[in-house]
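S.K.: Curious how this folds, go ahead:
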Amino acid sequence: MQENYFNYTKEELQSSPKIPLVILPENKDVFAAMAQEMVDEIVKNNELGKRTVFICPVGPVGQYPIFVDRVNSRNISLKNVYFINMDEYLDDQKQWIDKDNKLSFRGFMDREVYGRIKPEIVMPESQRIFPDPEDTKRIPKLIKELGGVDIAFGGIGINGHLAFNEPQDELSPEEFLKLQTRVLEISKETRAVNSIGDLNGAVDAMPHYCVTVGINEIYSAQKIRLACFRDWHRAVVRKACYGEVSAHFPVTLIQNHPDAKISITDFVANLT
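M.R.: Presented below is the predicted three-dimensional model:
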């Protein structure tokens with residue numbers, strides 16, 4: 001059964017979303033807004049002598065070149081900044097894929113973010129954190145030690161997943177929200193969609209497993225900022241903002257977060 005909200009016009013979409021929406025002209029504007037919020041939060045906390053803790057994605061990634069340029073041009077110190085990346089692909093032995101693999105999120109961050117920031121201002125390696133399949137308790141413990149996450153940034157998957165928190169229909173929303181960092185099997189829908197952008201559609205070459213921060217860590221952040229800009233995000237955003245809260249479409253759980261926002265392009269807001 002197709003829900004009516006999938007057909008919402010731009011005006012209807014904006015009428016009463018359960019997650020606040022920001023509509024921007026183009027992809028570059030969405031990425032620039034995310035990069036600027038990252039910079040603003042770091043500068044604010046630096047001035048207060050406080051650390052900054054982000055949960056960060058590798059997808060979307062368009063914000064990173066802008067972020068790197070603004071950090072370098074303004075000599076913004078990242079020495080008191082922690083990047084906790086959302087997830088990483090695993091091989092069939094449920095170990096991190098090699099960092100040199102083109103799919104590796106660890107490799108991407110090293111090449112495109114940390115390796116492009118001036119050495120004198122980039123954060124130390126100990127503050128560049130990825131979930132570890134051998135120590136899944138580390139990130140929840142670290143977040144507690146650091147006093148929480150300032151902002152969790154991310155995108156939304158075609159089945160509503162945040163990070164790699166895939167739908168689990170057997171769980172209630174309350175049970176799903178308790179899920180923390182863990183190893184899991186990637187759904188066939190996610191593997192198919194990711195293969196289109198990353199491997200030219202070679203779905204059989206996509207990893208079957210991943211390690212991901214939990215929805216619990218994401219939801220516990222003071223702010224959640226999501227970005228949507230792909231053609232299939234039109235349906236995803238409408239379901240995120242108007243669908244029933246459920247573990248079947250995990251992003252709907254964010255409807256109850258006190259400071260969440262989804263930035264989308266005008267293309268996503270419109271249906272034609």
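
S.K.: so where do the strands sit in the stretch 101-250 of the chain?
M.R.: 128-129, 151-154, 182-185, 209-212, 223-228 (DSSP state E, counting those that start in this stretch).

S.K.: contact partners of the lowest-mean-pLDDT helix or strand in the chain?
M.R.: In the chain, no helix or strand scores lower on mean pLDDT, DSSP states H and E than helix 188-198, which sits at a mean of 94. With contact meaning C-beta atoms under 8 Å, 6 or more residues apart in numbering, helix 188-198 is reached by 102-103, 157-159, 161, 164, 166, 201-203, 205-208, 232. No exception for glycine: its C-beta is placed from N, CA and C like everyone else's.

S.K.: Tell me the buried residues within these.
M.R.: Buried members of these, counted by 16 or more other C-beta atoms under 10 Å: 103, 157-159, 161, 164, 166, 206-207.

S.K.: Farthest-apart pair in those residues, please.
M.R.: L103 and N159 (19.4 Å; C-beta to C-beta).

S.K.: For D29, find the nearest of the strands of the stretch 101-250 of the chain.
M.R.: Of these, nearest to D29 by C-beta to C-beta is strand 223-228, at 10.4 Å.

S.K.: Show me what that closest one is packed up against.
M.R.: Strand 223-228 sits against helix 27-47, strand 151-154, strand 260-265, with contacts defined as 3 or more C-beta pairs under 8 Å, 6 or more residues apart in numbering; DSSP states H and E.

S.K.: for the stretch 101-250 of the chain, what spans make up the helices?
M.R.: Using DSSP state H, counting those that start in this stretch, the helices of the stretch 101-250 of the chain run over residues 105-112, 138-146, 173-176, 188-198, 215-219, 233-242.

S.K.: what's in contact with the last one?
M.R.: Contacts made with helix 233-242 from outside it, assessed by C-beta under 8 Å, 6+ apart, are listed as 3, 5-6, 8, 13, 17-19, 21, 156-158, 160, 228, 249, 251-252, 254-255, 262, 264, 268, 271.

S.K.: Apply 6 Å and report the result again.
M.R.: Helix 233-242 has contacts (C-beta atoms under 6 Å, 6 or more residues apart in numbering) with 5-6, 8, 17-19, 156, 228, 249, 251, 264, 268.

S.K.: can you check the shortest one too?
M.R.: Outside of helix 173-176, the residues that reach it under the criterion C-beta under 6 Å, 6+ apart are 245, 247, 253.

S.K.: Same list (the contacts of helix 233-242) but as a markdown table, adding neighbour count, pLDDT and distance to D29.
M.R.: Below are the contacts of helix 233-242 laid out as a markdown table (neighbours: other C-beta atoms under 10 Å; pLDDT from 0 to 100; distance: C-beta to C-beta, whole Å):
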| residue | neighbour count | pLDDT | distance to D29 |
| --- | --- | --- | --- |
| Y5 | 17 | 96 | 25 |
| F6 | 13 | 96 | 25 |
| Y8 | 20 | 97 | 22 |
| P17 | 18 | 98 | 19 |
| K18 | 15 | 98 | 24 |
| I19 | 19 | 98 | 19 |
| I156 | 22 | 98 | 18 |
| C228 | 23 | 98 | 13 |
| F249 | 20 | 98 | 26 |
| V251 | 30 | 98 | 21 |
| I264 | 22 | 98 | 10 |
| V268 | 28 | 98 | 12 |
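
S.K.: Good, we can wrap up now.
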